[in-house]
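Visitor: Pasting a predicted model and its sequence here:
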Amino acid sequence: MKPNIETFLGCDAPFEEAAIVLFGAPFDSTTSFRPGARFGPSAMRHESFGLETYSPYQGKDLSEQKVFDSGDLELCIGDAALALSEIEERAEEILQSGKFPLLLGGEHLVTLGAFRAVFKRYPGVHVIQFDAHCDLRDDYLGAKLSHACVMRRCHDLVSDGKIHQFCIRSGDRTEFAFAKGHTDLHLFGFDGLEELANVLKKSGDPVYLSIDLDCLDPGLFPGTGTPEAGGVNFNELLSAILTVCKNVHLVGADINELAPTLDASGVSTAAACKTLRELLLALGK
């Protein structure tokens, strides 16, 4: 892989030396409300230079990490299946190189491409999802490949009880009914996350972490396609990220659903950048 021209802050290690590889999926063609998430990955890179590489939260510095930023994939915006195939191919390449894939969305559907690659390599993998929405519809207006269906498609791959959902506060009645029998759903916040992390730590099972940034309250993070009142704050999200990263065997992750053009203040992009910085540092163990 060749280095990207504009990298996320401090993520300029050579590919051969890197432990973590960033790659962007600028795709938002199935967005059901407000589009713009396709601009999220590039905005995060560009605005990251407003941050310091040092984190006072963790006492670590990104300049001491080995992260390679491979840039954004050039995806077919009009074909979700083809876009997912190309995301899966890039994630497979990263995994085959013995490195950790960290995907930047784009809408939440992009998770499915990366997760397919992870599932092939780790068939016993669990998913931990931070999200305002269930994303468990079997289809959305007839489309089975939609950001509203991404966790249902992940469930098609894994067995019951392998998808753990936190911060959920929105969904169709049928999604909540499905969750009762098939997923581990936690409403409104992170209650139960520490207990789950301890269980997964003991089992050693592989885990994929998916962070939909609309888990944050829209008063703090308005730049997203489907905002839902009642979300968590940044410190709560950071604490949850640290709980997961310190305890479970993570094998892949993503951050998605920043739509920077929907927040002219830039606050949402700044929050996304800081979340990514802290996730990268937490992964660097």
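Guide: Happy to help now that I have it.
Visitor: Report the secondary structure element holding Cys273.
Guide: Using DSSP states H and E, Cys273 falls within helix 267-283.
Visitor: likewise Gly189?
Guide: Residue-wise, Gly189 maps onto no helix or strand under DSSP H and E.
Visitor: For the stretch 1-150 of the chain, just list every one of the helices.
Guide: With DSSP state H, counting those that start in this stretch applied, the stretch 1-150 of the chain shows helices at 40-47, 80-96, 110-121, 150-157, listed in chain order.
Visitor: Quick one: closest of the ones you listed to Asp217.
Guide: Ranking the helices of the stretch 1-150 of the chain by proximity to Asp217 (CB to CB) places helix 40-47 first, at 18.4 Å. (C-beta placed from N, C-alpha, C; glycine too.)
Visitor: circling back to that earlier point, now tabulate the helices of the stretch 1-150 of the chain in a markdown table and tack on distance to Val232 and mean neighbour count.
Guide: Shown next, in a markdown table, are the helices of the stretch 1-150 of the chain (distance: least, CB to CB, whole Å; neighbours: other CB atoms under 10 Å):
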| stretch | distance to Val232 | mean neighbour count |
| --- | --- | --- |
| helix 40-47 | 19 | 23 |
| helix 80-96 | 27 | 19 |
| helix 110-121 | 19 | 24 |
| helix 150-157 | 18 | 22 |
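Visitor: possible to save those as JSON lines with distance to Tyr54?
Guide: JSON lines is the format used below for these (distance: least, CB to CB, whole Å):
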{"stretch": "helix 40-47", "distance to Tyr54": "17"}
{"stretch": "helix 80-96", "distance to Tyr54": "27"}
{"stretch": "helix 110-121", "distance to Tyr54": "29"}
{"stretch": "helix 150-157", "distance to Tyr54": "34"}
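Visitor: Looking at the ones you listed, spot the one closest to Leu242.
Guide: helix 40-47 (20.0 Å).
Visitor: ok, residues contacting that closest one?
Guide: Identification of contacts with helix 40-47 by CB atoms under 8 Å, 6 or more residues apart in numbering yields 4, 6-8, 24-26, 69, 72, 104-106, 256-260, 266, 269-270, 272-273, 276.
Visitor: Report the inter-axis angle for it versus helix 110-121.
Guide: Counting by axes from the mean of the first three to the mean of the last three CA atoms, to 10 degrees, helix 40-47 lies at 100 degrees to helix 110-121.
Visitor: re the thing from before, which positions within the helix holding Cys273 qualify as buried?
Guide: Residues of helix 267-283 classed as buried: 268-283 (neighbour count, 16 or more other CB atoms under 10 Å).
Visitor: In terms of secondary structure, what does it contact?
Guide: Counting contacts by 3 or more CB pairs under 8 Å, 6 or more residues apart in numbering; DSSP states H and E, helix 267-283 packs against helix 40-47, strand 54-55, strand 100-105, helix 234-247, strand 249-256.
Visitor: Can you tell me which of these is most buried?
Guide: Highest mean neighbour count of those: strand 100-105, a mean of 26 (counted as mean count of other CB atoms under 10 Å).
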